[in-house]
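Visitor: Dropping the sequence and predicted coords here.
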Amino acid sequence: MNTTDTRPTERAEPESDSGFLKSIEFVTGPGANLGSLLLVIGLVTCVFIALFQLTIPDPISYLLTAGVLFVTVLSAIFALVLDSLGYFEATAGDVDEASTSDSTGKSAMSAQPWVPANRPSTPLPPIVNFDDELRAYADMYDGDLPKQFDPFIEDYRRLKVNTGNRRTIASDLRADLNPIGALFQEGTEGHELYEQIGERLFRYIDADAEHVSLGRIVFYDAAGEEVEVEAVRNQLGRVELTVGNEGEAVDVDVVVQFYDASGAAISSRTCRVGTVRPGASRTVDTDVFVPLETVRAGTTIQVSTPPLPERTSETRPRPGSPPHRRSPS
């Protein structure tokens, strides 16, 4: 069955009109309106008529004046055509939109001075991401933070755009925090935020191990059922571990240790977790043999800095030299 498309086709016309109107913007300038254009046309007309009448003899001055008046009439008609096409409304809307976006951008930047403006920021580990705390402080002061916050905010922006020396910058942030703490009395919301930020900075500066936590450790029997460690004694079971990281990226190993009734370690199994990214968690499972004397299990987290990716170089033969060949084995 043949169908007829009854959708309107006027959508293609505004694109051509817009292209034409944009091409003449160099004549009128951005943000022009009908009144200003007619005023400019009238002023130019008066200047040229006065110039011709005062400097050129009569026969020629009359001809030139008539030519100027003819051009003036054409220009006025041209301005009326532009107005009928909605050109002046469109340019005025563009200027208003641009000014609105500029003011919105400036107000957003002034409302969040801790956001880097000139360089892209790198995601922060959750332990040193203080955006929510700074936003709470800004709400306390109606967006106008006191000057005591300036050193902290400046170093916090440095922390966001740097990755190589973040511990050093975090030490600077801890020193910058002291003037902020002096603004609030103990027990107030501002003082609690101050203590939380300080405690997290200490943890970040201290050691990687404090940023990594073991969320859960579960043992499974041969049937895949979750059991206590005593239920899989003297047999092969499976252990599942979930590791979370609030700091920088680290390589993690978890050592599962088995203890007897006297508390002595009788066996251990190292589970390779791998690299855990900032703010991420990772779950691994592995088979493990549980000794007969086991009464409980414990874990130890081992962390190290992940190695940098190796750069591989390719040796190419010099021009004119014969290629290397492998000798047959």
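Guide: Cool, got the structure.

Visitor: Now for the residue lying closest to Q185 once chain neighbours are set aside: which residues touch it?
Guide: The shortest distance from Q185 to any non-neighbouring residue, by Cβ to Cβ, 6 or more residues apart in numbering, is to H191 (6.3 Å). Just so you know, the C-beta spots here come from the backbone N, C-alpha and C atoms, and that holds for glycine as well. Residues near H191 by Cβ atoms under 8 Å, 6 or more residues apart in numbering: G181, F184, Q185.

Visitor: For the first one, give me its contacts.
Guide: Taking Cβ under 8 Å, 6+ apart, we find G181 in contact with H191, Y194, G198.

Visitor: mind redoing it with 10 Å?
Guide: Residues in contact with G181 (Cβ atoms under 10 Å, 6 or more residues apart in numbering) are Q148, G190, H191, L193, Y194, E195, I197, G198.

Visitor: host element of the fifth one?
Guide: Secondary structure assignment for Y194, by DSSP states H and E: helix 189-206.

Visitor: Let's see that helix as PDB, backbone CA atoms only.
Guide: Extracted C-alpha coordinates of helix 189-206, given in PDB (Å, rounded to 0.1, in the frame of the first residue of the first chain):
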ATOM      1  CA  GLU A 189      29.600  21.700  61.700                       C
ATOM      2  CA  GLY A 190      32.500  23.700  60.400                       C
ATOM      3  CA  HIS A 191      34.900  22.200  63.000                       C
ATOM      4  CA  GLU A 192      33.700  18.700  62.300                       C
ATOM      5  CA  LEU A 193      34.400  19.200  58.600                       C
ATOM      6  CA  TYR A 194      37.800  20.600  59.500                       C
ATOM      7  CA  GLU A 195      38.600  17.500  61.600                       C
ATOM      8  CA  GLN A 196      37.400  15.100  58.900                       C
ATOM      9  CA  ILE A 197      39.600  16.800  56.300                       C
ATOM     10  CA  GLY A 198      42.600  16.700  58.600                       C
ATOM     11  CA  GLU A 199      42.200  13.100  59.500                       C
ATOM     12  CA  ARG A 200      41.900  12.000  55.800                       C
ATOM     13  CA  LEU A 201      45.000  14.100  54.900                       C
ATOM     14  CA  PHE A 202      47.000  12.400  57.600                       C
ATOM     15  CA  ARG A 203      45.900   8.900  56.400                       C
ATOM     16  CA  TYR A 204      46.800   9.800  52.800                       C
ATOM     17  CA  ILE A 205      50.300  11.200  53.700                       C
ATOM     18  CA  ASP A 206      51.100   8.300  56.100                       C
END
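
Visitor: Now do the buried residues in it.
Guide: By neighbour count on 16 or more other Cβ atoms under 10 Å, the buried set for helix 189-206 is G190, L193, Y194, I197, G198, R200, L201, R203, Y204, I205.
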